[in-house]
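Undergrad: Here is my input; please provide its structure:
(chains A, B, C and D)
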2 protein chains.
Amino acid sequence: MRLSTKGRYGLMAMYQLAIVYGEGPISIKSIADEEELSENYLEQLFSTLKKDGLIVSSRGAYGGYMLSRHPKEITVGDILRSLEGDNYPAECVSSDGFECKKEEMCATKLVLAKLKNGIDQVIDSITLQDMVEESNTINS
Amino acid sequence: MRLSTKGRYGLMAMYQLAIVYGEGPISIKSIADEEELSENYLEQLFSTLKKDGLIVSSRGAYGGYMLSRHPKEITVGDILRSLEGDNYPAECVSSDGFECKKEEMCATKLVLAKLKNGIDQVIDSITLQDMVEESNTINS
DNA sequence: ATTAATACCAACTAAATTACTTGGGTTTAT
DNA sequence: ATAAACCCAAGTAATTTAGTTGGTATTAAT
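TA: Below is the predicted model of the structure:
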């Protein structure tokens, strides 16, 4: 039940974008340097995040990426679902159309559904804005 | 952020043990048949669950496995942590001694800690007894 | 005593997933 | 014209998952 590096790196990178929100685009390279991540790997994650409308890009020199909307309008859930998919904590309770063989609601499925709900409660309630504000509080 | 088959099969099997709690041991084979799982694979899971004191076994003919204590004394969290380990949703907030390179509390770590907390809240609040009772409610 | 049913155990393996890397191309400010 | 960036597809090494294989040890029933 672990997050992959996609989700983790994605969160870290989106947090960096949130910090500089409103100041124009920043490059993958600067984020990769800041967080000590692979530039090319981050690129793949950004491609996914862009496809899902969470960030926008501008090409050419002095180009880069920006959040597509205000940090308070982007949740951790938006980011994790974009990068990790919607199939947690198990296929049988995922919202992407899968159905387990036995159609009935089994005891285990009920537990997994509650777990999914608990996870969603947390990740959908935290925005990038919250992350920035809390981080400021801690480092003051 | 998906549960592996270990956690999922383990839950299913422990639920079967909970249903027959108090009626003596039942064999891996009967559970494997009931839930359509590999007998040898289940065996490995039971070995782990036994090591962690959640089940007890009796060997020889008419032997098998039983819960080590009352279903209301065993939580979903006990089972999942036994089979899947304690390193969710990421190493940097796991309770198994790992520490990430940057010692400081970063924004992402804070989020992951909240997520871990949310997950624990759910899985530690559901007992095998709850699973049995809820399942009875549904099928009546 | 023999047999059948069971738990116990270690090592092997195929498939899938993860976490990248490689090697390009395209766009744009200067 | 150049350099700095995004864009894109394919390849790959390492790890993890999900088992399988092939045994041994124990015990109830006969």
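
Undergrad: Just the pLDDT at the residue of chain A found nearest DNA strand C, thanks.
TA: Residue of chain A nearest DNA strand C, by CB to the nearest atom of the strand: residue A:60 (1.9 Å). In short, each C-beta sits where N, CA and C put it, glycine included. Residue A:60 carries a pLDDT score of 97 in this model.

Undergrad: What strand or helix carries the spatially most central residue of chain A?
TA: What sits nearest the mean C-alpha location of chain A, by CA atoms, centre = their mean, is residue A:79, with 1.8 Å. Element membership for residue A:79, per DSSP states H and E: helix A:76-84.

Undergrad: List the contacts of that helix.
TA: Helix A:76-84 has contacts (CB atoms under 8 Å, 6 or more residues apart in numbering or on different chains) with A:3-4, A:6-7, A:10-11, A:14, A:45, A:48-49, A:52, A:54, A:120, A:122-124, A:126-128, A:131, B:1, B:111.

Undergrad: Of those, which belong to strands?
TA: Using DSSP state E, no member of those falls within strands.

Undergrad: Give me the below-cutoff pLDDT ranges for chain A.
TA: Applying pLDDT under 70 to chain A flags the ranges A:97, A:103.

Undergrad: For it, what lies in contact range of DNA strand C?
TA: A:4-6, A:38, A:40-41, A:44, A:58-63 (CB under 7 Å from any atom of the strand).

Undergrad: Kindly recompute the last result at 10 Å.
TA: Taking CB under 10 Å from any atom of the strand as the measure of proximity, chain A contacts DNA strand C at A:2-9, A:32, A:37-45, A:58-63, A:83-85, A:87, A:91.

Undergrad: need the longest helix for chain A.
TA: Counting by DSSP state H, the longest helix found in chain A is helix A:107-123.

Undergrad: quick one: the residue of chain A found nearest DNA strand D from residue A:84, how far?
TA: Nearest residue of chain A to DNA strand D: residue A:27, at 3.2 Å (CB to the nearest atom of the strand). Separation of residue A:27 from residue A:84 (CB to CB, to the nearest Å) stands at 24 Å.

Undergrad: and if you look at residue A:120?
TA: For residue A:120 relative to residue A:84 (CB to CB), the value is 13 Å.

Undergrad: likewise residue A:113?
TA: From residue A:113 to residue A:84 the distance is 18 Å (CB to CB).

Undergrad: So between these two, which is more surrounded?
TA: residue A:84 (18 against 15; other CB atoms under 10 Å in any protein chain shown).

Undergrad: Can you tell me the closest non-neighbouring residue to the more buried one?
TA: Nearest non-adjacent residue to residue A:84, counting by CB to CB, 6 or more residues apart in numbering or on different chains: residue A:7, 4.6 Å away.

Undergrad: how many neighbours does the one you found have?
TA: Residues within reach of residue A:7, counting by other CB under 10 Å, total 25.

Undergrad: Just grab the bridge partners of the closest residue to residue A:25 other than its chain neighbours for me.
TA: Leaving aside its sequence neighbours, residue A:25 sits nearest to residue A:64 (CB to CB, 6+ apart; 3.4 Å). The partner list for residue A:64 in beta bridges (DSSP bridges) reads residue A:58.
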